[in-house]
Structure formats: C-alpha cells, structure tokens
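Trainee: Fold the following.
(one chain, ligands or ions: 1)
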Amino acid sequence: MTESLRVGLGYDIHRLETGRRLILGGVEISHEKGLVGHSDADVVLHAVTDALLGAAGLPDIGELFPDTDPAYRGADSRALLQDAFGRVRSLCYTVQNLDIVVHAEAPKLSPFKRPIAESIASTLALDADRVSVKAKTQEGLGAIGAGNAIACTVAVLLARLPSEMCDGR
Ligand code: MG
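Mentor: Next up is the predicted model:
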C-alpha cells in the first residue's frame, strides 16, 4: 500500500479591540478585548482551515469564503472549517496530525491549550491526540506583544487513503 503524504502550512492574524468576543479554536475566552473580523474572527480556526486546504492543494480560505460576501458576516468559523474539511476528505485525505502555535501576549493561554485542542479535534471528528496546541508570547515585541493582535501558525500532515478505503465523504 502506497500512502501519499502532504504537508500544509496555515497562518492568520487578527486585530484585538474592546467590545468584541474572543474566540480561539472555537473556545470563547474571557478577555477585555476580542478579535476583529468579518466572521467571528477565530484566528486559530482560520489558520487550521488554510493549512488543511493548502495541504490538499485546494483554494485558500479567502477564495472559498470571501470576506466581501455578506453570507459570511459573523460566521461561525467552525462551519467554515467543516466545509473546507469536507472538501479535503472528498479527495480521500485524512489528518495525521495538526500542530498549532498561537501567538498572543494576553490573555495567558496555557489553561486553554487543551480545551482548544479538544474543540478542534471534536470539530474535525479526530482523536484529540492528533491535535497539539502551543501558546507563545512575543516578549512584548510588535503589535502582538503590545496586546493589539493575535496570530496563529499551523502545520498539518495529511495522508491520502488508497481508493478502496476512500468513501469520498
Ligand atoms: Mg482570518
């Protein structure tokens, strides 16, 4: 059995402003600021979505779900991720693992690493041990270090199922 492996890289950044909800990886986190965006601005799920799409050679999140389209105003990024993952699965790819780095000065994210990993695993119907979440501050440097933005970097490894095992879902 030959197994085709594909690596993907995703990155996203959103501004933080007062008066917005902070949602990271589908988990709502209490903080004085939240992320600004056309959808719910879940920077983690956007980076995960782009990593999956890139690994499968599909168009990126901005092409599939343009922020000029009113249909995606306030959209739940879990729905966008599930839509994108459905396209990836239809090409017979399965996720080997997702490795996620969230770049944020505040709030402290260590208590949320496991809930975020479990949330993403649940959204994608994966075993939780296939999703790893790390949190890094920026040592006070730049917009992220000043608490004005949160960014996320994601690596994913996909494996293509042999055609007899692919149900094309
Ligand atoms: Mg985004």
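Trainee: Please work out how many residues are found near the nearest residue to residue 136 once chain neighbours are set aside.
Mentor: Spatial nearest neighbour of residue 136, excluding adjacent residues (C-beta to C-beta, 6 or more residues apart in numbering): residue 103 at 5.5 Å. Every residue, glycine included, has its C-beta placed from N, CA and C. Per other C-beta atoms under 10 Å, the neighbour tally for residue 103 reads 21.
Trainee: cool, and residue 141?
Mentor: 10.
Trainee: you'd agree residue 158 is up against residue 52?
Mentor: Yes - using C-beta atoms under 8 Å, residue 158 and residue 52 qualify as a contacting pair, with a distance of 7.4 Å.
Trainee: anything in contact with each of the two?
Mentor: Overlap between the contact sets of residue 158 and residue 52, as judged by C-beta atoms under 8 Å, 6 or more residues apart in numbering, is given by 8, 88, 95.
Trainee: filter the residues you listed to the buried ones?
Mentor: Among these, those buried by neighbour count (16 or more other C-beta atoms under 10 Å) are 8, 88, 95.
Trainee: and which of those is nearest to residue 149?
Mentor: residue 8 (22.9 Å; C-beta to C-beta).
Trainee: Name the residues of the strand or helix carrying the closest one that are buried.
Mentor: Under DSSP states H and E, the secondary-structure element containing residue 8 is strand 4-18. Buried positions in strand 4-18, judged by neighbour count with 16+ other C-beta under 10 Å: 6, 8, 10-16.
Trainee: what's in contact with that strand?
Mentor: With C-beta under 8 Å, 6+ apart as the test, strand 4-18 has contacts from 22, 32-37, 41, 43, 46-57, 93, 96, 143-144, 147-160.
Trainee: before we move on, what about stretch 78-93?
Mentor: Applying C-beta under 8 Å, 6+ apart, the set of residues contacting stretch 78-93 is 6, 26, 39, 42, 45-46, 48-49, 52-53, 55-56, 58, 61, 64-65, 72, 123-124, 158-161, 163, 165-166, 168-169.
Trainee: ok now do the closest residue to the ion within the chain, which residues does it touch?
Mentor: Using C-beta to the ion, the closest approach of the chain to the ion is made by residue 46 at 3.6 Å. Residues in contact with residue 46, defined by C-beta under 8 Å, 6+ apart, are 10, 12, 14, 39, 61, 77, 80, 152.
Trainee: my read is the last one is in a helix, agree?
Mentor: This means residue 152. No - residue assignment for residue 152, taken from DSSP: H, G, I helix; E, B strand; the rest coil, gives strand, which places it outside any helix.
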